[in-house]
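[1] predicted model follows, preceded by the sequence.
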Amino acid sequence: MQPAHHDIVICGTGLAGLATALGLARGLAHGGLRPCLLGSKRDIPRLELGRHHPRVYAISPPAQQFLKRLGVWGLLDASRIAKVESMQVVGDAGGSVALHGWQRMQAELAWIVESDALEIALRQALKMFEVEWIEEPFAQLARGRDSATVITASGRTLPAQLVIGADGAHSAVRQAAGIASREHAYGQLGLVANLIADAPHLDTARQWFDHGDILALLPMPDGATHLPGTAQHTQVSMVWSMEEARARDLLALPHQAQAQRLQALLAGMTGNAPGAFCLHSDILSFPLTRLDSDMIAAHGQTGVALVGDAAHRVHPLAGQGLNLALGDVEQLIHVLREKPPLVPCGDASVLRRYRRLRAQPVWAMRTATDSLQRLFASDLPAVVWGRNLGMQCVEHLPWLKQRLIAAASRN
Ligand SMILES: Cc1cc2nc3c(=O)[nH]c(=O)nc-3n(C[C@H](O)[C@H](O)[C@H](O)COP(=O)(O)OP(=O)(O)OC[C@H]3O[C@@H](n4cnc5c(N)ncnc54)[C@H](O)[C@@H]3O)c2cc1C
């Protein structure tokens, strides 16, 4: 039997892979392209009224626009989305900066969306376009001049002009294609949980920097509003980049002790300024690394392109990893749409253009997040003084605040 031929095989079925498949299937690139998805279809628990999964993303305005163009934003339940109108960043020696959307004529700076809700919406939209989804892992890649062939874990072969690696930070596609990458471990875990707050969040994302630790509390939709007989409460999502050993000590505690310890740690970090918090979910943890790669492997008329965490990973202090991933997907689709009709989609010229378009935004985000992480990790008194003074200066410079908001609104 002849193997089925697809123009593009997308390996990895996380948010970046699903968005790529949907963008191609919707004809945002070229009507005639036949994509196929390769990877597991995990069971997503049903979204419960009034309860939110702790894995959330801050979606930037350009990423929201792209999700709208994909037809996905409208599928999300608006009552499960929280808007971020302001940001407050607090340093470790009196520095603080407040940014408001209105300072740049924007109603919102970002939206907080649950990961599962986004995945459900993407899958729902994909169903409409009958994209083939092969529920197997990618295993190997064989590359010839006219086609690349993906080999699945069961040995199935899938020839294609273009292979897209959307298979996360440990990308097997990246390794198989020989795409060079560099990784740096921050020695921190990202701890993620939902908290109940005793004061309203006022649609404000708050962030504290304290000698390497970075705590973000993001506004969430009010909990239990739809459940009869239950009190409404304010929820926030916690993303705490914590030194690994301390994070592991916390994670090792039984739930009750963990909740008490976390409450004390939060009080210490925030000085109780935004009120007290109590744990309202399990604590999830993610090792934090920075990764960059060459993003493509071009070989004549067939090639491999990486999107999302397979291509780059940044510190989550700015909440931009998925936004960058969606920026990759959008630009890859853009170059596929713009290419001359007879040029194959895996052609070296097409892929190089994709890499060029992504180089600056990815570099800028990596440099900004990495520099901030390093700046606040230092205990040198002059650096501590300087960084807090810097924050005070920014606080009094409206034009600089506008630039910061603009920079945070680019993917
Ligand atoms: C603590 C924390 C907070 C964050 N907060 C934000 C935020 O607020 N905003 C934001 O924009 N970003 C945020 N990020 C970043 C964001 O989580 C990632 O950038 C994003 O999820 C990457 O998506 P992806 O689809 O590229 O990768 P993944 O989500 O890792 O998906 C990869 C997929 O590939 C599959 N796969 C792996 N190997 C294979 C194989 N061999 N074959 C087939 N499939 C395979 C996996 O099963 C998975 O489904 C945060 C990250 C962390 C750690």
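    Alright, I've got the coordinates. In this text the structure is predicted, and so the values were computed from the model without any measurement.

[2] list the buried residues for stretch 93-113?
    Across stretch 93-113, burial judged by 16 or more other Cβ atoms under 10 Å covers 95, 97, 99, 101, 103, 104, 108, 109, 110, 111, 112, 113. From N, CA and C alone the C-beta is placed, and that goes for glycine too.

[3] now residue 155, nearest residue through space, not along the chain?
    residue 139 (8.0 Å; Cβ to Cβ, 6 or more residues apart in numbering).

[4] which ones are touching that neighbour?
    When contacts are counted by Cβ atoms under 8 Å, 6 or more residues apart in numbering, residue 139 touches 151, 152, 153, 155, 172.

[5] let me have those in a markdown table, extended by pLDDT.
    Below are the contacts of residue 139 laid out as a markdown table (pLDDT from 0 to 100):
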| residue | pLDDT |
| --- | --- |
| 151 | 95 |
| 152 | 96 |
| 153 | 95 |
| 155 | 95 |
| 172 | 98 |
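
[6] between which two of those residues is the distance greatest?
    Taking Cβ to Cβ, the two most distant members of these are 155 and 172; they sit 15.4 Å apart.

[7] between those two, which one's more packed in?
    residue 172 (18 against 9; other Cβ atoms under 10 Å).

[8] could you list every residue that touches the more buried one?
    11, 137, 138, 139, 165.

[9] what's it sitting at in phi/psi?
    phi -70, psi -30 (degrees, to the nearest 10).

[10] then residue 24?
    Here residue 24 shows phi and psi, under degrees, to the nearest 10, equal to phi -70, psi -40.

[11] just the one 10 residues further on next, same as before
    Backbone geometry at residue 34, expressed as degrees, to the nearest 10, gives phi -110, psi 100.

[12] buried residues in the longest helix along the chain?
    In the chain, assigned by DSSP state H, the helix with the most residues is helix 348-377. Judged by neighbour count using 16+ other Cβ under 10 Å, the buried positions of helix 348-377 are 348, 350-351, 353-355, 357-358, 361-362, 365-366, 368-370, 372-373, 376-377.

[13] return the list of helices and strands in contact with the longest strand seen in the chain.
    Counting residues, the longest strand found in the chain (DSSP state E) is strand 181-197. In terms of contacts (3 or more Cβ pairs under 8 Å, 6 or more residues apart in numbering; DSSP states H and E), strand 181-197 is packed against strand 234-243, helix 244-251, strand 277-279, strand 284-293.

[14] quick one on the thing from earlier: which one (most neighbours) among the contacts of residue 172?
    Most surrounded of the contacts of residue 172: other Cβ under 10 Å gives residue 165, at 32 neighbours.

[15] on that earlier part again, out of the helices and strands packed on strand 181-197, flag the one nearest the ligand.
    strand 284-293 (3.6 Å; Cβ to the nearest ligand atom).

[16] any idea how far the following helix or strand past that closest one is from the chain center?
    Of the helices and strands lying after strand 284-293 in sequence (DSSP states H and E), the nearest is strand 296-299. With Cα atoms, centre = their mean, to the nearest Å as the basis, strand 296-299 stands 25 Å off its chain's centre.

[17] do stretch 122-130 as well
    21 Å.

[18] mind listing residues that contact it?
    15, 18-19, 21-22, 25-26, 37, 70-72, 75, 133.

[19] near the ligand too, which of these?
    Contacts with the ligand within those, as defined by Cβ under 6 Å from any ligand atom: residue 15.

[20] quick one, the one helix or strand residue 399 maps to and helix 348-377 angle?
    In the assignment (DSSP H and E), residue 399 maps to helix 398-408. Compare the direction of helix 398-408 with that of helix 348-377 by axes from the mean of the first three to the mean of the last three Cα atoms, to 10 degrees and you get 130 degrees.

[21] name the helices or strands packed onto helix 398-408?
    strand 96-100, helix 381-395.

[22] which outside residues touch the first one?
    Translated: strand 96-100. Against strand 96-100 from outside (Cβ under 8 Å, 6+ apart): 85-90, 109, 391-392, 394-395, 401, 404-405, 408.

[23] avg pLDDT for it?
    What strand 96-100 shows for mean pLDDT is 85.

[24] number the chain from 14, please
    New numbering, starting at 14: the last item is strand 109-113.

[25] follow-up on the earlier one: now, which of the contacts of residue 152 lie within strands?
    Short answer: those in strands (DSSP E) are 164, 165.
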